[in-house]
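Engineer: need a structure here:
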Amino acid sequence: MNKPDPAALRASRLKLLLIMLVFAAPILAAGLLTLGGWQPSGKANGQPVLPQRNFAQEQLPVNLADGKAWVWRDSEPKLTLIALAGPNCAAQCLDTLTKMAAARITLNRNAPRLRLLYVGMPPAHAAESGMTEYWQLGEDPQARLATFRPEAADSVSALLVESDGTALSFYPAGFDPSGLRKDLQKVIR
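Structural biologist: Numbers count the residues shown, from 1 in each chain. Okay, here's the model as predicted:
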């Protein structure tokens, strides 16, 4: 029986170690970064909803203008963008709502995967402005969304809610609608 060549044996072991190192290096680097306290920061424009809430589990009622109750879990997976207006929703508020609806349109073929829900007193010229063509109007009879509603007049805040009813992101009054559009494009594919 021939004894293996020691040089060939060392070369094959070195190749095996290099292959293992290629696969282990990213894991080791991630572990070192985590131990060092570095965590990647997301570039989301909305704020996380903390503590996390699930409106379906909470059975949070929203009454629609047609008398029906809002269903948090639709028959098909769809996210919900909730707009909550401050008192006296007027020109600035309506402009933000229009930009939010336009953000849905930019989703193109994925636009049906996002439902738009306006909760609160609608603007004075909602029907004339075409708002009711894009938004479903509803009210929060128990005021359980009041913590998300802005206090400033003529302003809007928004909540992005997952298809299972979990609130994902909060966009406080004065948020950038183009940032919301970018977040929607990341989440809805």
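Engineer: please parse this structure into its domains.
Structural biologist: Following automatic domain parsing, the chain resolves into domains at 1-40, 47-187.
Engineer: first-to-last residue distance for the last one?
Structural biologist: Counting by C-alpha to C-alpha, to the nearest Å, the length from the leading to the trailing residue of domain 47-187 is 14 Å.
Engineer: what helix or strand is Val22 on?
Structural biologist: Per DSSP states H and E: Val22 is located in helix 6-35.
Engineer: right, and the helix or strand after that helix?
Structural biologist: strand 47-48.
Engineer: helices or strands up against that following strand?
Structural biologist: Counting contacts by 3 or more C-beta pairs under 8 Å, 6 or more residues apart in numbering; DSSP states H and E, strand 47-48 is packed against strand 167-171. For every residue, glycine as well, the C-beta is placed using N, CA and C.
Engineer: and the strand it packs on, how far from the chain's centre?
Structural biologist: Chain-centre distance of strand 167-171: 6 Å, with C-alpha atoms, centre = their mean, to the nearest Å.
Engineer: if you rank every helix and strand of the protein by mean pLDDT, what lands last?
Structural biologist: helix 126-129 (a mean of 76; mean pLDDT, DSSP states H and E).
Engineer: count the residues that sit near Pro87.
Structural biologist: For Pro87, the count of nearby residues is 15 (other C-beta atoms under 10 Å).
Engineer: show the contacting residues for the residue nearest to it when sequence neighbours are not counted.
Structural biologist: Of all residues not flanking Pro87 in the chain, Ala153 sits nearest, at 5.0 Å (C-beta to C-beta, 6 or more residues apart in numbering). By C-beta atoms under 8 Å, 6 or more residues apart in numbering, Ala153 lies in contact with 86-88, 90.
Engineer: tell me where the model's unsure across the protein.
Structural biologist: 1, 39-42 (pLDDT under 70).
Engineer: 80 instead, please
Structural biologist: Counting by pLDDT under 80, the low-confidence segments of the chain come to 1-2, 4, 37-44, 124-130, 189.
Engineer: what about Gln142, distance to Val119?
Structural biologist: 12 Å (C-beta to C-beta, to the nearest Å).
Engineer: right, I mislabeled it, should have said Leu16
Structural biologist: 61 Å.
Engineer: among the two, which residue is more densely surrounded?
Structural biologist: Higher neighbour count among Leu16 and Val119: Val119, with 23 against 10, using other C-beta under 10 Å.
Engineer: doesn't Leu81 make contact with the more buried one?
Structural biologist: No: Val119 is not in contact with Leu81 according to C-beta atoms under 8 Å; the separation is 11.0 Å.
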